[in-house]
Each structure stands twice: as structure tokens, then as C-alpha cells.
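Visitor: What follows is a predicted structure for the sequence shown.
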Amino acid sequence: MNPTNPRIAILGSGNIGLSLAKGLVKAGMAEPARITLTRRNTAALAPLAAAGYATTSNNLGAVQGADIVVLAVLPQQLNKLLDEIAPAFQHAQPLLISVVSGVSCADIRRHLQQPARVVRAMPNTAIAIGQSMTCVATDEAPEEDLDLVERLFDTVGVSIRINEELMTSATALCACGIAFFLRAIRAASQGGTEIGFHAHDALKMAAQTAKGAADLLLQLASHPEQEIDKVTSPKGCTIAGLNEMEHQGFSSAMIKGIKVSADKAGKLYHEG
Ligand SMILES: NC(=O)C1=CN([C@@H]2O[C@H](COP(=O)(O)OP(=O)(O)OC[C@H]3O[C@@H](n4cnc5c(N)ncnc54)[C@H](OP(=O)(O)O)[C@@H]3O)[C@@H](O)[C@H]2O)C=CC1
Ligand SMILES: O=C(O)[C@@H]1CCC=N1
């Protein structure tokens, strides 16, 4: 494999598969021509083909030419896909990166009936703009594979290694988390409209405020409550609003939602 310019096959080019492809190209990690995108409905990939990506519905063919194979179908679609590509592993050992929620490295090897090198990665859709939080894990892939996957995802955001048993938790907190924070921003913008701003202004103001809040934590390595204390003037309007939100269950709703999400992520493969 050429480590600086590997041939990559993304099997299952839906929301996250395409976000990954675009992020890798944007980061200069791969040229479109080195990335093969697969899905059954290839007509939906026509704009990507026009942009220079290789597109096909032939998963086995895509794997046969690849150094790195990304599994990016739904958990319920994975076994059929693995059946299709299993023959390729009799002749070659491409690195398998699975972003599929709730499916372990061992599950994948068991279904392939091959001793494949499998690393799991849990990115989020911000990968398309190089801002993913990606968790990576494996059970028995060699250190150099894990290293390579980390370096790959570091080019499209921030990555951390975690124990594989925490991957469903990572799914809820980081992958689903994009939706949770987006809904929070949307709700803030709706509040903004109710107090006087046009919707497009309210959304821009809410999004930039959320970005500033996240950057306070990331850039200052600060704690949320430390930063909250700086905003809440005594007898002021921030503490009044914040306490009302807490009376209505704000933190509790987020915590409970994340727990339900993690529980569901763990059941997707086996329960469908
Ligand atoms: N969306 C997200 O933010 C994240 C998702 N994930 C995980 O990534 C996986 C994909 O999720 P998501 O992108 O949301 O789902 P999508 O439904 O958007 O993408 C799945 C894609 O797989 C294609 N597909 C299905 N079967 C096959 C097959 N046999 N061969 C080739 N392609 C196939 C589908 O297209 P077609 O029907 O045309 O074949 C579809 O485009 C899931 O396992 C999810 O848990 C992980 C992190 C974040
Ligand atoms: O909703 C889902 O099941 C997938 C997994 C993480 C993000 N999207």
C-alpha cells in the first residue's frame, strides 16, 4: 500500500460514506480517482462520478482494487455485503475500516470467515468539513493499522482511541451527538425568533454562539460550569433563563436521550 495515497473503497456511499469521501478529498488525503464509491442505486452517485470518483455497484470488484475498504452500510445491510466481498479476502488482506454502529470487529471476521484486519471508526457528519470527532478501536488488528486509521481520521477532524466495548457509547455521544447539538441550536434560534429576530438571523446568531461556547471549552481547556459562572451575573437574566431550562428538564433530557441512543446503537445489528 502507498500510505500517502492509498486506494480506498467506500462500500455504502450514503450520508456518512460520502461525508468521509468528501472530507478525505478536501484534506488532500486522497484524490477522487483513488476513491471507489459503491451503492446499489449507482444513478444516485452520478454527481460524484462527474466529480472524478469511481462509482460502481460491484462491491467485490471495488475491494479487489483497494488498500483500504470502508464499510459504511446500515447494520442491517452488513451481512449481505460481507457475503459479497468475502471471496476477495482469500487473495488479499486490505485494511477494513468499519463505521457500522453496533457491530464488533469479531462479528465482522466471524461473518467473513476470514482472519481480516478490522478497525472500527465512529466519525460524525462534520467529517465532510474536517471537523469530525472520531473514535477508533480494534480488538486484534496490529498497532500499525490502528495508527494508520488514527492518522487518516486526524486529517478530517480529531480522533481518539477507545476500548471497543465503548464504541456504542461513542456512537451516541459523538455520531448521534451532531443531531443533538443541531436540535439545541435550532431550538435556540426558534427562541430567538420569538423574541424578535428574523429566522435566518436567529439561526446564524445561535450557531455562532454555540461555536463560541464549544471553542471556549476546547481552546481554554475549561469546564462548562467555569464558563457558565462568568456569564451568570447575580440576579441577572442568564441565571433566570438557565434555571428555568433546568426546571423544564434540559440537562436531564440530554442525558436520558444519550442513554437511549447508546442502548439502541448496541441493538441495531442483532435486533435489526
Ligand atoms: N449518518 C451518520 O452520521 C453516521 C452513520 N454511521 C453508521 O454508518 C452506516 C451508514 O449510515 P448512513 O450513512 O447514515 O446510512 P445511509 O442509508 O445514508 O447509507 C447507507 C448506504 O449504503 C448503501 N448500501 C446498502 N446496501 C448496500 C450494498 N449491498 N452495497 C453497497 N451499498 C449498499 C445504500 O445505498 P443503496 O440503497 O443505493 O445501495 C446507502 O447509500 C450505519 O451503519 C451507521 O450506523 C456511523 C457514524 C455516523
Ligand atoms: O442514527 C444512526 O443510527 C446512525 C448511527 C450514528 C449516527 N447515525
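Guide: In hand now; what should we look at? Numbers count the residues shown, from 1 in each chain. Ligands and ions are numbered 1, 2, ... in the order given.

Visitor: Quick one: distance of the helix or strand harbouring residue 205 to the chain centre.
Guide: In this assignment (DSSP states H and E), residue 205 forms part of helix 199-220. Helix 199-220 sits 21 Å away from the centroid of its parent chain (C-alpha atoms, centre = their mean, to the nearest Å).

Visitor: Would you mind pulling the contact partners of it?
Guide: 181, 184-186, 188-193, 197, 222-224, 227 (C-beta atoms under 8 Å, 6 or more residues apart in numbering). (Glycine included, C-beta is placed from N, CA and C.)

Visitor: Please spell out the ChimeraX selection for the buried subset of those residues.
Guide: For the buried members of these, the matching ChimeraX selection, counting by 16 or more other C-beta atoms under 10 Å, is:
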select :185,188,189,192,197
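
Visitor: of all the contacts of helix 199-220, which two lie farthest apart?
Guide: Across those, the longest distance by C-beta to C-beta is 31.0 Å; it joins 193 and 223.

Visitor: quick one, domains of this protein?
Guide: 8-164, 177-265 (automatic domain parsing).

Visitor: now, of the ones you listed, which is deepest in the fold?
Guide: Ranked by mean neighbour count under mean count of other C-beta atoms under 10 Å, the domains of the chain are led by domain 8-164, which reaches a mean of 19.

Visitor: mean confidence score for that one?
Guide: Domain 8-164 shows a mean pLDDT of 96.

Visitor: can you check stretch 208-226 too?
Guide: 98.

Visitor: ok now that stretch, how far from the chain's centre?
Guide: Distance, centroid of stretch 208-226 to centroid of chain: 21 Å (C-alpha atoms, centre = their mean).

Visitor: ok, how many other residues are close to the residue in the chain that ligand 2 sits nearest to?
Guide: The nearest approach of the chain to ligand 2 comes at residue 175, 3.5 Å away (C-beta to the nearest ligand atom). For residue 175, the count of nearby residues is 23 (other C-beta atoms under 10 Å).

Visitor: Next up, the contacts around it.
Guide: Residue 175 sits next to 101, 122-124 when contact means C-beta under 8 Å, 6+ apart.

Visitor: isn't residue 26 right next to residue 130, touching?
Guide: Yes. When contacts are counted by C-beta atoms under 8 Å, residue 26 is listed as touching residue 130 (6.2 Å).

Visitor: quick one: common contacting residues for these two?
Guide: residue 156.

Visitor: At the contact with ligand 1, which residues of the stretch 1-150 of the chain appear?
Guide: Counting by C-beta under 6 Å from any ligand atom, the residues of the stretch 1-150 of the chain close to ligand 1 are 11-17, 38-41, 44, 59, 72-75, 77, 80-81, 99-101, 122-125.

Visitor: Please flag which of those residues sit within helices.
Guide: Judged by DSSP state H, the subset of these located in helices is 15-17, 59, 80-81.

Visitor: check contacts around residue 24.
Guide: 8, 30, 35, 152, 155-156.

Visitor: backbone phi and psi for residue 123, please?
Guide: phi -90, psi -180 (degrees, to the nearest 10).

Visitor: if I pick it, what's in contact with it?
Guide: 16, 19-20, 99, 132-134, 153, 156-157, 174-175.

Visitor: please redo it, this time with the cut-off set to 10 Å
Guide: 16, 19-20, 23, 72, 97, 99, 132-136, 153, 156-157, 159, 170, 174-175, 178 (C-beta atoms under 10 Å, 6 or more residues apart in numbering).

Visitor: just residue 86 next, same as before
Guide: Here residue 86 is in contact with 60, 63, 111-114, 116 (C-beta under 10 Å, 6+ apart).

Visitor: rerun that using 8 Å as the cut-off
Guide: Residue 86 neighbours (C-beta under 8 Å, 6+ apart): 112-114.

Visitor: Counting by contacts, list what the host helix or strand of residue 160 packs against.
Guide: According to DSSP H and E, residue 160 maps onto strand 157-161. If you count contacts as 3 or more C-beta pairs under 8 Å, 6 or more residues apart in numbering; DSSP states H and E, strand 157-161 packs onto strand 132-137, helix 143-154.
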